[in-house]
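>>> Give me the fold of what follows.
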Amino acid sequence: MDCNELTRGGPADKEPISAEWRFQLLVEHVHDYAIYMLDPNGIVSSWNAGAQRFKGYTPSEIIGQHFSRFYTEEDRAADVPMQALQTAEWEGKFETEGWRVRKDGSRFWASVVIDPIRNEAGELIGFAKITRDITERKAAQDALERAQAQLHQAQKMEAVGQLSGGIAHDFNNLLQALAGCLQIIERRTTEPSIRPILEAGHKAVQRGAKLVQQLMAFARQESLHTKPVDVRDQVLGMSELLTRALRADIRVESDFAPGLWPVEVDPTQFELALLNLAVNARDAMPGGGTLSVHARNVSLASGDPSGVAGEFVQLTISDTGTGMPPEVQARAFDPFFTTKKVGKGTGLGLAQVYGLARHSSGTAWIETEEGRGTRVHLLLRRSGAIPAARGERPSDDSANLRRSGRVLVVEDDPIVAMTVATALENAGFMVTRATTADEALPMLAAGEIDLLFSDVVMPGSMSGVDLAHAAQRLHPGLSVVLTTGYSEEIARATGIQVLPKPFPIEHLARVLDTALANAERGRKTA
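Numbers count the residues shown, from 1 in each chain. Modelled structure (predicted):
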């Protein structure tokens with residue numbers, strides 16, 4: 001039946017339905033859109049079923065009321081409703097999205113269109129307003145944007161981490177060369193006036209080594225010495241250290257959920273991360289405040305917004321300080337990014353915290369609001385082992401060893417090679433030097449070598465790890481110690497002892513002593 005054949009009334013009454021009546025029927029039966037009229041002052045003059053469905057008002061409750069009641073308190077205070085009508089009147093249309101309020105006080109995200117209605121003389125007689133509830137669409141869009149932001153952040157952190165690892169490798173070689181030169185000078189001079197200069201040089205090297213360690217922890221290229229750790233005992237055990245790092249006007253609170261799982265972390269790096277966070281919190285609370293440490297067990301399923309899955313301990317460190325603006329929060333974990341004055345911070349504190357969490361197969365994130373403080377969350381992977389008692393240390397029977405032996409030093413950096421060889425010769429070892437693994441192999445095949453000491457990353461067709469395997473095939477039982485300014489993980493996975501750069505020469509001598517002694521004991525018991 002054609003719409004033009006529609007009639008009003010019963011069969012006997014064949015009065016045709018007017019176009020206005022058909023339009024009214026259409027509007028009244030639309031349920032997905034709120035379609036209603038306003039007079040020139042914003043008073044509601046009509047109300048359809050869609051408006052009642054998702055705004056909650058019946059026609060008798062809302063007709064005659066001002067449409068501003070659909071807006072949030074903030075928008076009403078800013079006169080947003082009347083500005084919308086003025087824009088529609090002046091520009092011929094107003095279109096926007098924003099939060100609106102239902103009768104029960106709940107909010108929904110709305111798509112809004114307002115059109116002015118004029119009579120034949122062009123005079124404004126009211127407005128037509130169409131509103132649609134698009135809360136679900138906005139939630140999906142927000143989730144997509146968060147996922148894209150997390151992916152972008154992960155890609156950025158990975159790229160920065162790779163760059164940081166390369167820089168750290170070269171910097172460690174420089175520190176090793178400086179440390180070796182200082183140690184050689186120290187052994188060859190008895191001039192008292194030189195001692196303070198040498199001590200200052202050693203402190204500078206140690207400071208540089210600490211910075212590089214933090215940088216490589218961020219890059220996940222530092223081989224952390226992980227073991228099972230009781231988070232509660234570890235935090236409470238460093239309470240005195242935290243107190244010294246803070247001020248008297250900062251109160252420390254802690255809350256540890258019962259039955260906390262142990263976590264797999266490097267205890268030293270864990271304490272350094274807490275100290276970094278405490279110092280940042282102190283600086284964010286110039287007028288005093290509260291530093292809180294909370295820990296609880298969490299089990300995360302695949303697809304969790306954190307990006308990780310499994311069983312973790314969530315450690316949260318919060319302050320009541322100044323908070324961070326969004327642009328600072330977005331870069332807070334970036335290496336060398338700092339808002340502190342020159343000389344007051346390296347920009348590696350939060351980078352080290354992030355690196356620690358990632359090393360633990362977890363992650364870290366920041367929640368903050370300007371003027372309302374900051375919360376840093378760390379997810380640390382649950383350990384399946386039982387932590388040792390705090391303060392327990394493995395025994396070391398090598399401190400008094402002093403042996404000699406024939407050592408092949410393979411190092412492509414000429415300054416590092418010279419300082420290491422000279423120092424080992426002074427300690428009593430007989431040293432032969434090679435620049436690459438390809439150069440070292442014939443020496444191993446032809447000469448009597450007791451121990452191979454090689455860098456991991458070298459030019460040529462073979463790495464230090466490849467050289468170690470080839471040397472042990474040539475001479476089963478040969479002692480091998482590797483060193484690196486880059487990543488210990490590759491070498492350590494093979495079971496070969498690795499010495500990270502920069503290292504004190506005395507420590508190197510003890511390591512070589514121990515390796516030679518172990519090899520000798522192995523030969524005697526074979």
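
>>> Every contact and neighbour count from this point should use C-alpha atoms.
OK.

>>> how does the chain divide into domains?
Listed by automatic domain parsing, the domain ranges of the chain are 31-133, 138-217, 227-381, 406-525.

>>> can you tell which of the ones you listed is closest to P387?
Counting by CA to CA, P387 lies closest to domain 227-381 out of those; the figure is 4.6 Å.

>>> pLDDT (mean, whole number) over the closest one?
The pLDDT scores in domain 227-381 average 83.

>>> For it, what is the distance to the chain centroid?
Averaged C-alpha coordinates place domain 227-381 at 11 Å from its chain's average position (CA atoms, centre = their mean, to the nearest Å).

>>> neighbours around R195, how many?
Residues within reach of R195, counting by other CA atoms under 10 Å, total 14.

>>> Return the per-residue confidence for it.
The model reports R195 with a pLDDT of 76.

>>> So it lies in a helix, does it not?
Yes: judged by DSSP: H, G, I helix; E, B strand; the rest coil, R195 forms part of a helix.

>>> nearest residue to it other than its sequence neighbours?
Spatial nearest neighbour of R195, chain neighbours left out: E186 (7.6 Å); criterion: CA to CA, 6 or more residues apart in numbering.

>>> shouldn't that neighbour be in contact with L198?
Yes: here E186 reaches L198: they are 7.0 Å apart, a contact under CA atoms under 8 Å.

>>> Using the three-state scheme, assign A515.
Secondary structure assignment for A515 (three-state DSSP): helix.

>>> let me redo that: T290
With three-state DSSP as the criterion, T290 reads strand.

>>> Name the nearest residue to it, ignoring sequence neighbours.
Among residues not flanking T290 along the chain, R251 sits closest, at 4.7 Å (CA to CA, 6+ apart).

>>> what about the one you found, helix or strand, and which?
Per DSSP states H and E: R251 is located in strand 250-256.

>>> Same check on A143?
Element membership of A143, judged by DSSP H and E, is helix 135-188.

>>> average pLDDT for that helix?
pLDDT averaged over helix 135-188 gives 72.

>>> still on that earlier bit, what's the distance between the residue nearest to T290 and L291?
Relative to L291, R251 is positioned 6 Å away (CA to CA, to the nearest Å).

>>> give the contact list for the residue nearest to D230 when sequence neighbours are not counted.
Of all residues not flanking D230 in the chain, P262 sits nearest, at 4.9 Å (CA to CA, 6+ apart). Shown in contact with P262 (CA atoms under 8 Å, 6 or more residues apart in numbering): P228, V229, D230, V231, V313, R382, S383, G384, A385, I386, P387.

>>> doesn't the first one fall inside a helix?
Looking back up the chat, that one is P228. No: according to three-state DSSP, P228 belongs to no helix; its state is strand.

>>> and it, what are its bridge partners?
E264 (DSSP bridges).

>>> so it touches V265, yeah?
Yes: with contact defined as CA under 8 Å, P228 reaches V265; the gap is 6.7 Å.

>>> which one of the two has more residues nearby?
Legend: neighbour count by other CA under 10 Å for P228 and V265, higher for V265 (25 against 19).

>>> Distance of I35 relative to W47?
Separation of I35 from W47 (CA to CA) stands at 7 Å.

>>> and what of A78?
26 Å.

>>> Output the below-cut-off pLDDT ranges for the stretch 351-500 of the chain.
Where the stretch 351-500 of the chain drops to pLDDT under 70, the residues are 388-403, 486-495.

>>> change it to 90
Scanning the stretch 351-500 of the chain with the threshold set as pLDDT under 90 gives 351-364, 369-372, 383-406, 411-429, 445-450, 455-466, 469, 472-479, 483-500.

>>> where do the helices sit along it?
Assigned by DSSP state H, counting those that start in this stretch, the helices in the stretch 351-500 of the chain fall at 414-426, 437-446, 464-474, 489-492.

>>> Let me see the contact set for the residue nearest to T290.
By CA under 8 Å, 6+ apart, the residues touching R251 are G289, T290, L291.

>>> Pick out whichever of those residues sits closest to T514.
Of those, the one sitting nearest to T514 (CA to CA) turns out to be L291, at 45.0 Å.

>>> My understanding was that that closest one contacts M285; is that so?
No: applying CA under 8 Å as the test, L291 and M285 come out as separate, 9.3 Å apart.

>>> who touches both of these two?
Shared contacts of L291 and M285, defined by CA under 8 Å, 6+ apart, are found at D319, T320.

>>> Which of those two has more residues huddled nearby?
L291 (24 against 20).

>>> Please identify which helix or strand holds the nearest residue to D255 once chain neighbours are set aside.
Leaving aside its sequence neighbours, D255 sits nearest to H294 (CA to CA, 6+ apart; 4.8 Å). Using DSSP H and E, H294 falls within strand 289-300.

>>> Could I get the full set of helices for the stretch 1-150 of the chain?
Secondary structure of the stretch 1-150 of the chain (DSSP H, counting those that start in this stretch): helices located at 19-28, 49-55, 59-62, 73-77, 80-91, 135-188.

>>> And the stretch 201-350 of the chain, by the same measure?
Using DSSP H, counting those that start in this stretch, helices in the stretch 201-350 of the chain cover 231-237, 239-245, 267-284, 326-329, 349-359.
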